[in-house]
Structure formats: C-alpha cells, structure tokens
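J.: Any chance you could fold what I've pasted below:
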Amino acid sequence: MNAITSLLSGLIPIAIIFAGCDKVTMPYEPLQGGGTSTEEVVRKVLLEDCTGHRCNNCPDAAAQAQLLQSIHGENLVVVAVHCITGFAAPQAPIGDGVLDSDHRAVPEGATIEDHFDITFLPAGLVNRILTTTFYSSAKGIGEQR
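T.: Predicted coordinates for the structure are as follows:
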C-alpha cells in the first residue's frame, strides 16, 4: 500500500504539470518580408536654418541651404526657424509694409534658441546638432559640387 501511495504521490504532481501545459499560439502576426528586401536604406538629413527677418547675412545662408537641397534633393530637408527675439520682432514704423512681420509668435523658435544657446545668426542645426560655422561650411560644400 505504501508503494502505491508513494507512486501516486509522485505521479500526480507530474501529471498535473503536464496537464497544465498548453500550446500557445503567437499573439501577433508574423512579419511579412522579414528583412529580405534588397532595397537600400536612404538616410535623410534635417537642416534647420536658424534665421531672422532682420538678419543681414541670413539671405545668403538661406541661398546656400537651397543650393544644398538642389544637390541632395529629397535626402535633405531644409526648414527655416525664426529665433533670437531681436531679429524676429517687427521694426518700427509699423504699417509701412517693411519688416512688419512678427515672428516671435512661434514658440518653437524660442525653444530651439534656448536649448541650443543660439546667440548669433545665421546658425544651423544638422540633425539637431548645432553647426556654428553653418554659413562658411555650407558655402564651401556648395562650391565643391
């Protein structure tokens, strides 16, 4: 009797363990393609032209950014960001149609100015990294092509 009790006390937990196991199907759909694509990954670059509508050198920097975009096409995204409050504010006399635009209303420009400690214009951010020699390096790159 003791042998049967010992055998049952050993087999019952094993039977419960195996009975508790169940095959679980994947809770997600398998990926289609699975990385077998032969297409090349194209990296795009973001160029943020930090500018001000009262900045004397900013039009030249914007022209260089446009030149770079014409060279690199869709691989370069150029965005002009008005920052540095003094260069974004309208200039008196208001109403004459010259420098009347108020670009201080864009909070993103002030946020970028503060975060990257931009104290001069023109300045540039390449993939959100401050490039302090934006104008001269952009001009050099444009001339090399």
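J.: isn't residue 131 right up against residue 125?
T.: Yes - when contacts are counted by Cβ atoms under 8 Å, residue 131 is listed as touching residue 125 (6.8 Å). (C-beta placed from N, C-alpha, C; glycine too.)
J.: Neighbour count for the two, which is higher?
T.: Applying other Cβ atoms under 10 Å to residue 131 and residue 125 shows that residue 125 carries more neighbours, namely 20 against 16.
J.: what's near enough to touch the more buried one?
T.: 46-48, 50, 81, 112, 116, 131 (Cβ atoms under 8 Å, 6 or more residues apart in numbering).
J.: mind listing the strands for this structure?
T.: Taking DSSP state E, the strands of the chain run over residues 45-51, 76-82, 123-126, 129-131.
J.: Now tabulate these in CSV and tack on mean pLDDT and distance to residue 64.
T.: Shown next, in CSV, are those (pLDDT from 0 to 100; distance: least, Cβ to Cβ, whole Å):
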stretch, mean pLDDT, distance to residue 64
strand 45-51, 91, 9
strand 76-82, 92, 10
strand 123-126, 90, 9
strand 129-131, 79, 12
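J.: would you turn those into a markdown table with distance to residue 66?
T.: Listed next are the strands of the chain as a markdown table, based on distance: least, Cβ to Cβ, whole Å:
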| stretch | distance to residue 66 |
| --- | --- |
| strand 45-51 | 9 |
| strand 76-82 | 7 |
| strand 123-126 | 13 |
| strand 129-131 | 17 |
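J.: and residue 100, which of those strands is closest to it?
T.: Evaluated over these, closeness to residue 100 peaks at strand 76-82, with 14.1 Å, by Cβ to Cβ.
J.: any idea of the pLDDT on residue 75?
T.: Looking at residue 75, its pLDDT is 94.
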